[in-house]
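Peer 1: Could you work out the structure for the sequence below:
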Amino acid sequence: MLRKADAAKTAIDNATTNDAVTQAKNDGATSVDSVNPTPVAKPAAKKAVEDALADKIKAIEANNDLTDEEKTAAKQEAQAKADAAKQAIDNATTNAAVEQAKAKGTTEVNNVNPTPVAKPAAKKAVEDALADKIKVIEANNDLTDEEKTAAKQEAQAKADAAKQTIDNATTNAGVEQAKNDGATSVNSVNPTPVAKPAAKKAIEDALKAKEAEIDSRDDLTSEEKLSAKEEAKIKADAAKQAIDKATTNVDVENAKTTGVADVNSLNPVAVKKSEAKKAVDEALKVKEAEIDANNDLTAEEKLAAKEEAKAKADAAKQEIDGADTDIKVDEK
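Peer 2: Numbers count the residues shown, from 1 in each chain. Sure, this is the predicted structure:
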C-alpha cells in the first residue's frame, strides 16, 4: 500500500498541469483504496487450534472408560483451552506472537487427558466385595475344597458380569447402579455345604441303627447296652470329627466309609448273663455229682433229684435271661 501511495505522489510530482495533477491524485487514491489485504497468520493459527480441539473431542468421545459426565467435563475443559488460545491469537500483533499462541494453545488442548474416576471406583468396589466373599468362603470349613472352588468361581463370574455392566454403562448413575447390583450379586453367593453334612448324616444313621440293634439284644443287661451305645457314640463322634477335618470330597467319603464301618463293627459281647448262667450250670454239675455220689439214693431217686435240680437250674437261667440289669442278674 505504501508503494502505491509513493507511486501516486510521484505521478503528481511529474504532472505539469492542474488537470494532470487532479488525474494523478484521483488515480492514486483509487489505487491505494484497492489495497484489501487478506489475514493469513491468525486464521491459520486459529484453525490449527480448532483442529486440535476436534481431534481431542473425538479422542474423548472414543474413551469408553469415561462416563458421559466425565466426557462432558473433559470437552468443556478442552473447549476452554481452545477459546483461550484463540483469544491469545487475536491479541497477538506479530507473526511470531501468533505462532507462539498457536503452539501453546494446541499443546494445552492436546494435554487434556481426563482420568476415568467413576468406572474404576465402581469396579474396585466390586473387586473388594469379591475379595471379602472369597475370604468368607475360604474360612468356611464346612465346605470341601471342591465346594469352595465352585463357590469362588460363582462369585468370580458374578463379579466379572458386574464389571462388564459397569464398562457398558454410559452415565454416572448407570455406573453406580451397576456397582450396587454387582456388589449385591457377589454378596449373595452363600454356598451350602453338601458333602460333609451328607457324610455326617450317614454316620448318624449308622449310629441309630446300631443303638436299635443293641437295645433289641436281650442277652445284654442295661449296663452292657449303655456301655455299648456309649462306645458306638464315641466311634460316631470320631468319624464326624474326621469328616470335619477332611478337606476334599474324596477325604470326606473315605472318612464316612471308615466311620460307618467302625460303628457297624461294634458287636458287644454279653458277659453278665453268660457268666451268671455259667455259674448256674456249674452249680448244677456239682449238684448232679453230689447226687450221683449219694449211695443212699436209688437210681430212680437220683434221676428224680437231678431232674429237679435241672428244672431249678433252667428256671434260674430263665430268670437270668429276663433280668435287665446287673443287679437283677446278681439276684437270680
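
Peer 1: which residues touch Ala305?
Peer 2: Listed by CB atoms under 8 Å, 6 or more residues apart in numbering, the contact set of Ala305 reads 291, 297. Backbone N, C-alpha and C define where each C-beta goes, glycine included.

Peer 1: same check, this time on Ala159
Peer 2: For Ala159, the contact set (CB under 8 Å, 6+ apart) comprises 126-127, 129-130, 182, 186.

Peer 1: count of residues packed around Thr16?
Peer 2: Neighbourhood size, Thr16 [other CB atoms under 10 Å]: 7.

Peer 1: on that earlier part again, can I get the contacts of Ala159 in TSV including pLDDT?
Peer 2: As requested, the contacts of Ala159 are exported to TSV (pLDDT from 0 to 100):
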residue	pLDDT
Val126	98
Glu127	98
Ala129	98
Leu130	98
Gly182	97
Val186	98
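
Peer 1: can you tell me which of these are in helices?
Peer 2: Assigned to helices by DSSP state H, the following of those qualify: 126-127, 129-130, 182, 186.

Peer 1: which stretches of this structure form helices?
Peer 2: Taking DSSP H as the criterion, the chain carries its helices at 2-14, 18-33, 41-62, 68-91, 95-110, 118-139, 145-168, 172-187, 195-215, 222-245, 249-264, 272-293, 299-322, 326-331.

Peer 1: comparing the ones you listed, which gets the lowest mean pLDDT score?
Peer 2: The stretch with the lowest average pLDDT out of the helices of the chain is helix 326-331, scoring a mean of 59.

Peer 1: Just the buried residues of stretch 176-193, please?
Peer 2: Judged by neighbour count using 16 or more other CB atoms under 10 Å, the buried positions of stretch 176-193 are 176, 178-179, 181-183, 185-186, 189, 191, 193.

Peer 1: Looking at those, which is nearest Thr248?
Peer 2: The shortest distance between Thr248 and any of these, using CB to CB, involves Pro193 and amounts to 13.4 Å.

Peer 1: Test my guess that the closest one contacts Glu146.
Peer 2: No. The criterion here is CB atoms under 8 Å, and Pro193 misses it with Glu146 at 11.2 Å.

Peer 1: could you dump stretch 285-299 to CSV, C-alpha only?
Peer 2: As requested, C-alpha coordinates have been extracted for stretch 285-299 and formatted as CSV (Å, rounded to 0.1, in the frame of the first residue of the first chain):
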residue,chain,number,x,y,z
LYS,A,285,-22.9,-130.1,87.7
VAL,A,286,-21.7,-130.0,91.3
LYS,A,287,-25.2,-130.9,92.5
GLU,A,288,-25.5,-133.7,89.9
ALA,A,289,-22.2,-135.1,91.0
GLU,A,290,-23.2,-134.8,94.6
ILE,A,291,-26.5,-136.7,93.9
ASP,A,292,-24.6,-139.4,92.0
ALA,A,293,-22.2,-139.9,94.9
ASN,A,294,-25.1,-140.4,97.4
ASN,A,295,-25.4,-144.1,97.6
ASP,A,296,-28.3,-143.8,100.0
LEU,A,297,-30.4,-143.0,96.9
THR,A,298,-31.7,-145.4,94.4
ALA,A,299,-31.1,-144.8,90.7
